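Trainee: I need the structure of the sequence given here:
(chains A and B)
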Amino acid sequence: MSDPALVFEGVSYAYAEAPREAVSDIAFSIGEGEWVGLTGPTNSGKSTLCLLAIGLAPHFFGGRLKGRVVAFGRDSRSVSVIERSSEVGLLFQNPFTQVSGARERVDEEVAFGPECHGVQRVEIDARVAEAMEVVGISHLAARHPFDLSGGQLQRLALAGLLAMRPKLLLLDEPTSQLDPAGTAAIFEVLARLHTRGTTIVMVEHRLETLCELCPRVIAMASGRVIADGTPADVFNRELVQQRVGMPVYTRIARDAHVSSPLPVTLADATRSFGRPVA
Amino acid sequence: MGYVVQSALQVIPQTLDMAGRIQDAQRARGLETEGSLPSRARAYLPLMLPLVLSSLVATQERAMSLEVRGFGLPVKRVWRDEFVDTTTQRVVRWALALAVPLGIVARIAGWK
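Mentor: Numbers count the residues shown, from 1 in each chain, chains lettered A, B, ... in the order given. The predicted structure is shown next:
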């Protein structure tokens, strides 16, 4: 059997000079091809998990790491971030700080990563064309990156990662700065990547979206994992409902005293409300 | 090295944008940004700290996103668009580069 995509083994991490640990006792394993949603209130350690997974913590941030973070069988301590970048991609929140700033055309920007990795030129062209196609920005190839809208820019940043052919894609609130159209476009791309077998770990605050898209959800609070399972399982737990909240369908169903398990998606809710309410 | 110069130039419009937004926010809270020259100059002082801080944050984010794309990997870089000079171009390029010091030397040597 192949190695799982990402494993956290008893991981605790504190940033340099921080008195408290940002995350504590994290343990989970994500298999190849899974699509996992990560959620929790601000400061619950979601972004830190992303940084740990790609190795920016501790390589970039210093700090103290206990336990092991293993991606595709390799411990994050033994692999530098730039080496790992060919297997693991991380998309940040802010589309404006992710363009390299050194390229004057969209397609050149997408080629930046593979160029750094010394990929053959013919291969780069193929990858760039494919990445732009997947995220739907092929028609913008000749534009200047800074002329794009936020949503287009975020898709450009995603294309820049895809051009490196990562097997695991981490997304830290990829749509928090985008409008609804831009958001929908990103999620469409992710769904396509998921069917192709890319492993996706996505931080998301919109619980309705999360439950709709991700077959597995990990809920965090105060630096710890408080629930890990299917959306229905996770959001039917009292602790998660208190600390993280719940999708609006679940809340309505609870207030309407629908029998548990409470629905977490629109489709489930429609079905629940179709039945006579007790 | 080329990256440093080029990216610094490209970031200027973004920084100006940010400065504008910070000033708008400060104006919205009643900071005097118009009027006489001294009062306008004073309005720039409170701009500095948030501007510097936000630039530093943006720089850190950019550094991270460069790193996750493999910038600085110790392999031979590939350039997608390589500009290959024709022989004529190369000759002209070198000739022009040589013309300047030669001209200076000639001038100093007293050639008119």
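Trainee: got a list of contacts for the helix or strand hosting B:Ala106?
Mentor: Assigned by DSSP states H and E, B:Ala106 belongs to helix B:87-108. Applying C-beta atoms under 8 Å, 6 or more residues apart in numbering or on different chains, the contact partners of helix B:87-108 are B:Asp85. Placement of C-beta: from N, CA and C, glycine included.
Trainee: okay, now the unreliable bits of the chain?
Mentor: In the absence of a named chain, chain A is used. Along chain A, the model assigns pLDDT under 70 to residues A:1-2, A:275-278.
Trainee: should've been chain B
Mentor: The low-confidence ranges in chain B, as defined by pLDDT under 70, are B:1-2, B:73-83, B:112.
Trainee: what about the helices in it?
Mentor: B:2-28, B:37-67, B:87-108 (DSSP state H).
Trainee: make TSV out of the ones you listed and add distance to A:Val36 and mean neighbour count.
Mentor: Converted to TSV, those look like this (distance: least, C-beta to C-beta, whole Å; neighbours: other C-beta atoms under 10 Å in any protein chain shown):
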stretch	distance to A:Val36	mean neighbour count
helix B:2-28	33	13
helix B:37-67	22	14
helix B:87-108	54	10
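Trainee: what does chain A put close to chain B?
Mentor: A:54, A:56, A:60, A:81-83, A:85-86, A:88-90, A:92, A:94, A:96-98, A:100-102, A:108, A:111-121, A:124-125, A:128, A:146, A:157, A:160-161, A:164 (C-beta under 8 Å from any C-beta of the partner chain).
Trainee: thinking again about what came up before, what's the closest of the helices of chain B to A:Ile30?
Mentor: Of all these, it is helix B:37-67 that lies closest to A:Ile30, at 21.8 Å by C-beta to C-beta.
Trainee: by contact count, what packs against the closest one?
Mentor: In this structure, helix B:37-67 makes packing contacts with helix B:2-28, judged by 3 or more C-beta pairs under 8 Å, 6 or more residues apart in numbering or on different chains; DSSP states H and E.
Trainee: compute the inter-axis angle for the helix it packs on and helix B:37-67.
Mentor: Helix B:2-28 and helix B:37-67 are oriented at 130 degrees to each other (axes from the mean of the first three to the mean of the last three C-alpha atoms, to 10 degrees).
Trainee: and helix B:2-28, does that touch chain A?
Mentor: Yes: counting by C-beta under 8 Å from any C-beta, chain A is contacted by helix B:2-28 at B:2-3, B:6-7, B:10-11, B:13-14.
Trainee: now the strands for the stretch 51-200 of chain A?
Mentor: Assigned by DSSP state E, counting those that start in this stretch, the strands in the stretch 51-200 of chain A fall at A:64-71, A:74-75, A:88-91, A:168-172, A:199-203.
Trainee: mean neighbour count, the ones you listed: which tops it?
Mentor: For those, average neighbour numbers computed from mean count of other C-beta atoms under 10 Å in any protein chain shown are highest in strand A:88-91, which has a mean of 27.
Trainee: so B:Pro46 touches B:Gln26, yeah?
Mentor: Yes: counting by C-beta atoms under 8 Å, B:Gln26 is a contact partner of B:Pro46 at 6.1 Å.
Trainee: make JSON lines from the helices of chain B and add distance to A:Leu170 to it.
Mentor: Compiled in JSON lines, the helices of chain B are given as follows (distance: least, C-beta to C-beta, whole Å):
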{"stretch": "helix B:2-28", "distance to A:Leu170": "24"}
{"stretch": "helix B:37-67", "distance to A:Leu170": "12"}
{"stretch": "helix B:87-108", "distance to A:Leu170": "45"}
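Trainee: among the ones you listed, which is nearest A:Asn43?
Mentor: For the helices of chain B, the distance to A:Asn43 is smallest for helix B:37-67, at 16.6 Å, taking C-beta to C-beta.
Trainee: just how off-centre is that closest one within its chain?
Mentor: Relative to its chain's centre, helix B:37-67 lies at 15 Å (C-alpha atoms, centre = their mean, to the nearest Å).
Trainee: swap in stretch A:19-32?
Mentor: That offset, for stretch A:19-32, works out to 15 Å (C-alpha atoms, centre = their mean).
Trainee: neighbouring contacts of it?
Mentor: A:2, A:4-15, A:36, A:45, A:48-49, A:52, A:67, A:167, A:197, A:199, A:201, A:218, A:220, A:223-225, A:228.
Trainee: in helices, which of those residues appear?
Mentor: Among those, the residues falling in helices (DSSP H) are A:48-49, A:52.
Trainee: closest one of those to A:His139?
Mentor: A:Leu49 (35.4 Å).
Trainee: quick check: bridge partners of the residue nearest the centre of chain A?
Mentor: Among the residues of chain A, A:Met202 comes closest to the average C-alpha position under C-alpha atoms, centre = their mean, at 2.1 Å. Taking DSSP bridges as the rule, A:Met202 bridges to A:Gly37, A:Leu171.
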